[in-house]
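Engineer: Test case, fold it:
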Amino acid sequence: MAVPKNPSDPLLREWKKVSQNPIMVPIGINVSSFRDPTTAWLGSDQRWRVLVGSKSDKNKVGMALTFRSKDFVKWVKAKHPLHSARHTGMWECPDFYPVSLYGSHGVDTSTTGPSVKHVLKNSLDDSKVDYYTVGHYLPEFDRYVPDDGSVEGQNGLRYDYGKFYASKTFFDDNKSRRILWGWINESDSVADDLNKGWASLQAIPRVVRLDPINNRSLVQWPVRELESLRAHNVRKDSVVLERESIMKVEGFKSGAAQVDVEVEFELGAGDYETVEEELDGMTAQSLCSNNTSWGFGLMVLASDDLKERSAVFFKIIKGRVNGNVHTKVALCVDQSRSTLQLDVDKTSYGGFVSVQPHQRSLSLRVLVDHSIVESFAEGGKTCITSRSYPIVAVNENARLFVFNYNKLPLVLRHLSAWHMNSTVQIYESN
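Structural biologist: This is a model prediction of the structure:
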């Protein structure tokens, strides 16, 4: 533990370690399986609680250990974990926090009671994905119980279905919101990273809240402050996209390497591909890996000749689940042609999007910042972060396209795209 060297410094720039360190000790636990404490919350018994990620090698049980303290210095491990799950492996960077059942506002980490549910997020060391469950915290027992039907592990709900890991949230008391940060690692080679002199970065901070429609999953959206970077705007409204067509979005003065794009598609009765096979067990990843055929969406960081392009798009598929006809919607990111470079991971990503029956439109927001692409479907119900390393479609040579590879026309109800100013320029000008 460390405390401010000068508590009166508003920036708290200098810190010092306390003499009581270490304040938490992994007794009977392998030291490599003991890490990443959460933000503390205060119980009604006036004891603080913190979770620490851990595991048991038997049955690969991941677990969130609970520690309690009256003074933040002496910590005692609870006899049982807050929660655990078999076959999930080591839990890194656990995060535990309440979300409001009534309204979009965030709540303090110590809030309990009937007005909130709780979220337990874990970063899986084995598969490098962040998954979460929504459920109820039982403070009298220091237990967490996920909602019925929750899936534990990498096949469960995720914050992000792309390159997004080791995330943490905090409560912004000033604006009553919960902010999510995540780590984006690289997809290029180690040699490339050494050459450019840096590797990995933080994602754009997101506001996270409970989905008001189902109260069983989360929605995420970039913080409003990001909109202050918006500059020159390009708009398109009520454009008919013919079948198997591509439309270049004109009007960017300095290329489309740093843009914020919001788009909405109006769906007709046949904007899906009918299949006879069973959809039960089909993953969004497998659906999206079948390139962009019969999809529709955006091509970002694209060259004029489209030899380089990163596609962010929807796929709608209709098929059978246990004999009954169902329609599924997936948000996909196809990186197979993202760069002419060879030594780059070009994995495609996909996540299913929850939609309402007979819904006739789909919305998408995409943030592009040179090599980083962050995508948000349907107001942030499904999110995918990806990395692209074009060598032609860079800076003023980067282009934006809208495409419809369906077999029927599609209406682009609205597109609004902004060139994004640099935060460095804004900081220096102030």
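
Engineer: Low-confidence regions, this protein specifically.
Structural biologist: Flagging of the chain using pLDDT under 70 yields the residue ranges 269-278, 290-293, 425-430.

Engineer: can you rerun that using 80?
Structural biologist: Low-confidence segments of the chain (pLDDT under 80): 268-281, 290-294, 319-323, 325, 424-430.

Engineer: how about the helices in it?
Structural biologist: Secondary structure of the chain by DSSP state H: the helices cover 190-196, 284-288, 423-429.

Engineer: out of those helices, deepest packed?
Structural biologist: helix 284-288 (a mean of 19; mean count of other CB atoms under 10 Å). No exception for glycine: its C-beta is placed from N, CA and C like everyone else's.

Engineer: that older thread, can you redo the helices of the chain as TSV with distance to residue 320?
Structural biologist: Compiled in TSV, these are given as follows (distance: least, CB to CB, whole Å):
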stretch	distance to residue 320
helix 190-196	45
helix 284-288	15
helix 423-429	49
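
Engineer: For residue 174, which of the ones you listed is the nearest?
Structural biologist: Among those, the nearest to residue 174 by CB to CB is helix 423-429 (20.0 Å).

Engineer: Restricting to C-alpha, output stretch 280-293 in CSV.
Structural biologist: Taking C-alpha atoms only, stretch 280-293 is exported to CSV below (Å, rounded to 0.1, in the frame of the first residue of the first chain):
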residue,chain,number,x,y,z
ASP,A,280,-28.0,-24.0,-32.4
GLY,A,281,-24.3,-24.0,-31.5
MET,A,282,-23.2,-21.7,-34.2
THR,A,283,-20.9,-19.0,-32.9
ALA,A,284,-20.8,-15.4,-34.1
GLN,A,285,-17.1,-15.9,-34.7
SER,A,286,-17.7,-18.7,-37.1
LEU,A,287,-20.5,-16.9,-38.9
CYS,A,288,-18.3,-13.8,-39.3
SER,A,289,-15.3,-15.7,-40.5
ASN,A,290,-17.1,-16.4,-43.7
ASN,A,291,-15.9,-13.0,-45.2
THR,A,292,-18.3,-10.2,-46.0
SER,A,293,-20.7,-12.2,-48.3
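
Engineer: Number the residues from 34 up from this point.
Structural biologist: In the new count, where the first residue is 34, that last one comes out as stretch 313-326.

Engineer: Centre of the chain to that stretch, how far?
Structural biologist: Its chain's C-alpha centre and that of stretch 313-326 lie 19 Å apart, by CA atoms, centre = their mean, to the nearest Å.

Engineer: can you list the residues that contact it?
Structural biologist: Outside of stretch 313-326, the residues within contact range by CB atoms under 8 Å, 6 or more residues apart in numbering are 194, 344, 346, 348, 350, 352-355, 361, 363-367, 369, 381-385, 436, 438.

Engineer: Buried ones from those, can you make that a ChimeraX selection?
Structural biologist: Burial among these is assessed by 16 or more other CB atoms under 10 Å; the matching ChimeraX selection reads:
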select :194,344,346,348,350,352,361,363,364,365,366,367,381,382,383,384,385,436,438
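
Engineer: Residue 208 is nearest to which of the helices of the chain?
Structural biologist: helix 456-462 (19.1 Å).

Engineer: so what's residue 283 closest to, chain neighbours aside?
Structural biologist: Using CB to CB, 6 or more residues apart in numbering and skipping the chain neighbours, the partner closest in space to residue 283 is residue 267 (7.5 Å).

Engineer: How many residues are close by residue 400?
Structural biologist: For residue 400, the neighbour count with other CB atoms under 10 Å is 20.

Engineer: I figured it hits residue 236, correct?
Structural biologist: No: assessed by CB atoms under 8 Å, residue 400 is found out of contact with residue 236, at 9.3 Å.

Engineer: related to what we said a few turns ago, so which of the helices of the chain comes closest to residue 275?
Structural biologist: helix 317-321 (23.5 Å).

Engineer: on that earlier part again, within its local environment, how many residues does the residue nearest to residue 283 see?
Structural biologist: Neighbours of residue 267 under the rule other CB under 10 Å: 18.

Engineer: Minimum distance to residue 171: which of the helices of the chain has it?
Structural biologist: The nearest among these, by CB to CB, is helix 317-321 at 32.9 Å.

Engineer: Can you list the buried residues in stretch 282-290?
Structural biologist: Residues of stretch 282-290 classed as buried: 282, 285, 288-290 (neighbour count, 16+ other CB under 10 Å).

Engineer: which of those residues lies closest to residue 186?
Structural biologist: Comparing the buried residues of stretch 282-290 against residue 186 with CB to CB places residue 290 closest, at 36.7 Å.

Engineer: nearest spatial neighbour of the closest one, skipping sequence neighbours?
Structural biologist: Of all residues not flanking residue 290 in the chain, residue 431 sits nearest, at 4.0 Å (CB to CB, 6+ apart).

Engineer: Wait, that neighbour touches residue 424, no?
Structural biologist: No: the pair residue 431 / residue 424 is not scored as a contact, 11.4 Å apart, by CB under 8 Å.

Engineer: the more surrounded of those two?
Structural biologist: Between residue 431 and residue 424, residue 431 has the larger neighbour count (other CB under 10 Å), namely 25 against 11.

Engineer: For that one, give its distance to residue 342.
Structural biologist: Distance, residue 431 to residue 342, by CB to CB, to the nearest Å: 10 Å.

Engineer: same deal with residue 354?
Structural biologist: To residue 342, residue 354 is 33 Å away according to CB to CB.

Engineer: before we move on, what about residue 435?
Structural biologist: From residue 435 over to residue 342 the distance is 12 Å, taken as CB to CB.

Engineer: Pick out whichever of these two has more residues nearby.
Structural biologist: Set side by side, residue 435 and residue 342 show more neighbours around residue 342, with 27 against 23, by other CB under 10 Å.

Engineer: For that one, which residues are in contact?
Structural biologist: Taking CB under 8 Å, 6+ apart, we find residue 342 in contact with 332-336, 370-371, 426, 434.

Engineer: Let me know the closest of these to residue 252.
Structural biologist: Nearest to residue 252 among these is residue 333, at 22.3 Å by CB to CB.

Engineer: what is residue 210 paired to in the beta sheet?
Structural biologist: Residue 210 has these beta-bridge partners by DSSP bridges: residue 205.

Engineer: Is it in contact with residue 136, as I believe?
Structural biologist: No: the criterion here is CB under 8 Å, and residue 210 misses it with residue 136 at 11.1 Å.

Engineer: Neighbour count: those two, which is higher?
Structural biologist: More crowded of residue 210 and residue 136, by other CB under 10 Å: residue 210, with 19 against 12.

Engineer: And the more buried one, how far from residue 254?
Structural biologist: When distances are taken as CB to CB, residue 210 and residue 254 turn out to be 10 Å apart.

Engineer: And for residue 73?
Structural biologist: Going from residue 73 to residue 254 by CB to CB gives 27 Å.
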